[in-house]
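Engineer: Quick check, what structure comes out for this input:
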Amino acid sequence: ETAVNLNNEAVALANAGLWQDASLTLVELNSDDPTVVWNQVIVGIYEQAHLDMLSYSPYPMLQAVFYGDYETSVGMMRNFNVNELFSVEQNPMIAETAAEGWLDPLSEWLIASADLALAEQPDLAEAHFVRGWATYLVDPENPAVLLDIQQAATLAPTDPLYVDSLLLLSGE
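Structural biologist: This is a model prediction of the structure:
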């Protein structure tokens, strides 16, 4: 790919909140073009800020999503079984964490971030899962929950978290 194409791809990824991917894309470029160099600097600053926040964030799962690292955010969820993850009462991702008492804004931030990411990378199974989970937290009956979890399971059919979540939510 040309430097211009890779630069534009990186900008689109950054606009989608996928800072990690934007940075990886720009690292590939060895260009003297001032626009490319400037974007490398800007994305690098944002990436470093997100990485710094990850190390001391009171709720690292959300910070990982803000960084565009959906794999890490879902990895944090893998510490729990699906019955725990999809419980309204005493959800271990919420209860006794910085997110307790902030369910509506947490869900809004997760959903909005996943929407941006999925507009750019529609096959990002982890973002579908995060969005489905966040929607469930505020409206377990919302049909979008099952659609997102089903899409995550379709994109990653051997992932037990997605498959087990789909089975639980679909009542199978």
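Engineer: Can you show me the strands along this protein?
Structural biologist: For the chain, strands defined by DSSP state E do not occur.
Engineer: low-scoring stretches of it, by residue?
Structural biologist: 1 (pLDDT under 70).
Engineer: any idea which residue sits dead centre in it?
Structural biologist: residue 70 (3.4 Å; C-alpha atoms, centre = their mean).
Engineer: Report how many residues lie close to the closest residue to it other than its chain neighbours.
Structural biologist: The spatially closest residue to residue 70, leaving aside those adjacent along the chain, is residue 126, at 3.4 Å (C-beta to C-beta, 6 or more residues apart in numbering). Backbone N, C-alpha and C define where each C-beta goes, glycine included. Residues within reach of residue 126, counting by other C-beta atoms under 10 Å, total 26.
Engineer: now residue 120: how far from residue 143?
Structural biologist: Counting by C-beta to C-beta, to the nearest Å, the separation of residue 120 from residue 143 is 24 Å.
Engineer: Of the two, which one has the most company?
Structural biologist: Neighbour count, other C-beta under 10 Å: between residue 120 and residue 143, residue 120 has more, with 19 against 9.
Engineer: hmm, back to that, quick one, what contacts the residue nearest to residue 70?
Structural biologist: 70, 71, 73, 74, 152 (C-beta atoms under 8 Å, 6 or more residues apart in numbering).
Engineer: one step back: hang on, the residue nearest to the centre of the chain packs against residue 123?
Structural biologist: No: in this structure, residue 70 is not within contact of residue 123 by C-beta atoms under 8 Å, at 11.8 Å.
Engineer: right, and out of the contacts of residue 126, which lies closest to residue 39?
Structural biologist: Residue 39 lies nearest to residue 70 out of those, by C-beta to C-beta, at 22.5 Å.
Engineer: In the lengthiest helix in the chain, which residues are buried?
Structural biologist: Using DSSP state H to define each element, the chain has its longest helix at helix 34-56. Neighbour counts over helix 34-56 (16 or more other C-beta atoms under 10 Å) mark 36, 39, 40, 43, 46, 47, 50 as buried.
Engineer: Tell me who's in contact with the residue nearest to the third one when sequence neighbours are not counted.
Structural biologist: Distances taken as C-beta to C-beta, 6+ apart put residue 26 closest to residue 40, at 4.8 Å, once the chain neighbours are dropped. Counting by C-beta under 8 Å, 6+ apart, residue 26 touches 6, 7, 10, 36, 39, 40, 43, 44.
Engineer: now the fourth one: how far from residue 128?
Structural biologist: Which is residue 36. According to C-beta to C-beta, residue 36 stands 32 Å off from residue 128.
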